[in-house]
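Student: A structural model of the following input is requested.
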Amino acid sequence: MEQLLNEIRISYIDAGINENLGKIPDGQSNVAYSMHYTQSEDYFIDLPVSIIIPQLPIHHDIHREAPDAPYIRALGDVISQLIKLLPDCFAGLTYFFDPAEILRPCFYHLYRIENDIYLYMLRLDLSVHPLEIEVLQRGSNDITPAYSTKRLYFESEIIPLEAVIWDSGRVKAFTLKQIISQTWIGETGKGYRVRGIWMDTDLSKYFSRLFLAQEKRLYPFYPLFCKYRTLCLSAPVLSGDNRKKMLPVLHHAINLLLPEMGIIQESLRTSKFSEEMKEFLAMQKKIPESWKQQLNRFSMKSYLNAQEQKEYALSYDTN
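Tutor: Here you go, the predicted structure:
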């Protein structure tokens, strides 16, 4: 995937993998899995059984749009395992290759609400997490080890689009609906210690807190977050039905916040986010309680894992 200015471009789509994705029967349910975040805010699911990740190349020339055949065969094996365990997650998705992220295969699906288009993008992280795997075959500087694991890392997000670009009947790019003008605030430090200051995290807190009950605390899960200079939505429950339930949240949020985005950005340029900000309190009064119901179904608990590192368990109330 190439992101240029306000576009996400697709360079290569594999026919064989997408043929297998297209064969997933309707109505198939996923195996039971639990949802978690690491202390560094990475999202993963814990499966009841292990899957095997074969050896994969670590490097790829980003100027080569198509992957090598051995890589596609190995990835096809991984996806075949996932289709059996998580059919409802992958049903209706299309795989595409990202030359810049060879260990993070991408899948997408398009949705429409009224006249607005939304891109669902699922990115699977196959990089090695040493403390969480069983090594089956050693790797090298050029190839990952083959390993088994019950933990799968994902990015599962919904992104608003301005347009879909087609070429000869195939999707070539997605034009993003960027509603945020600039998230860079300035710099701090001197010499080699100079670093940029950005408002992305504060915007994510602002957006998420608007659509949650006052007492609800979900850190490190930000359901509505700033990315690609727009407002995106996290969809941690990996099913087509849940994605459809979550879509109206993003649709309402964008329609509400778009006219106010300049005021929101200006308020965060001079102050860190606080739920006591007058701009936030005024915006909060405009949101019907019915718009918050979907996100308030989530809850979060912290715990220590087997390595005594802090992690978080995310749960979702289906009732």
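
Student: where does the chain have low pLDDT?
Tutor: 1-5, 184-198 (pLDDT under 70).

Student: and the helix or strand containing P48, how far out from the chain's middle?
Tutor: In the assignment (DSSP states H and E), P48 maps to strand 43-53. Chain-centre distance of strand 43-53: 17 Å, with CA atoms, centre = their mean, to the nearest Å.

Student: quick one, helices of the protein?
Tutor: Secondary structure of the chain (DSSP state H): helices located at 15-22, 69-85, 87-90, 200-210, 240-257, 261-270, 278-284.

Student: Now the fourth one: buried residues?
Tutor: By 16 or more other CB atoms under 10 Å, the buried positions in helix 200-210 come out as 202-210. Bear in mind the C-beta positions are built from the backbone N, C-alpha and C, glycine included.

Student: likewise the last one?
Tutor: Taking 16+ other CB under 10 Å as the neighbour-count basis, helix 278-284 is seen to contain the buried residues 280, 283.

Student: who touches it?
Tutor: 206, 209-210, 256-257, 260, 263-264, 267, 273-275 (CB atoms under 8 Å, 6 or more residues apart in numbering).

Student: again, only using 10 Å
Tutor: 205-206, 209-211, 214, 256-257, 260, 263-264, 266-268, 271, 273-275, 277 (CB atoms under 10 Å, 6 or more residues apart in numbering).

Student: Restrict that helix to CA atoms and write it as CSV.
Tutor: Output of helix 278-284 as CSV, limited to C-alpha atoms (Å, rounded to 0.1, in the frame of the first residue of the first chain):
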residue,chain,number,x,y,z
LYS,A,278,-15.5,24.7,27.3
GLU,A,279,-15.4,23.7,23.6
PHE,A,280,-15.6,20.0,24.5
LEU,A,281,-18.4,20.5,27.0
ALA,A,282,-20.4,22.5,24.4
MET,A,283,-19.9,19.8,21.8
GLN,A,284,-20.8,17.1,24.2
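
Student: ok, back up a step: which members of the buried residues of helix 200-210 define the maximum pairwise distance?
Tutor: D202 and L210 (12.8 Å; CB to CB).

Student: got any residues that touch both of these two?
Tutor: I264.

Student: export the buried residues of helix 200-210 to TSV and tack on distance to P130?
Tutor: Output for those, formatted as TSV (distance: CB to CB, whole Å):
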residue	distance to P130
D202	33
L203	33
S204	29
K205	32
Y206	36
F207	34
S208	32
R209	35
L210	39
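
Student: between the residues you listed, which is nearest Y95?
Tutor: For those, the nearest to Y95 is S204 (28.0 Å; CB to CB).

Student: Count the neighbours of L82 for me.
Tutor: 18 (other CB atoms under 10 Å).

Student: Also the one 4 residues further on?
Tutor: Using other CB under 10 Å as the criterion, L86 is surrounded by 22 other residues.

Student: Tell me how far it lies from E155.
Tutor: Remark: distance between L86 and E155 (CB to CB, to the nearest Å) = 15 Å.

Student: ChimeraX command to pick out the buried ones of the contacts of helix 278-284?
Tutor: Buried residues within these, by 16+ other CB under 10 Å, are selected in ChimeraX with:
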select :205,206,209,210,211,256,257,264,267,268,273,277
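
Student: List the buried residues for stretch 157-173?
Tutor: Going by 16+ other CB under 10 Å, stretch 157-173 has these buried residues: 157-161, 171, 173.
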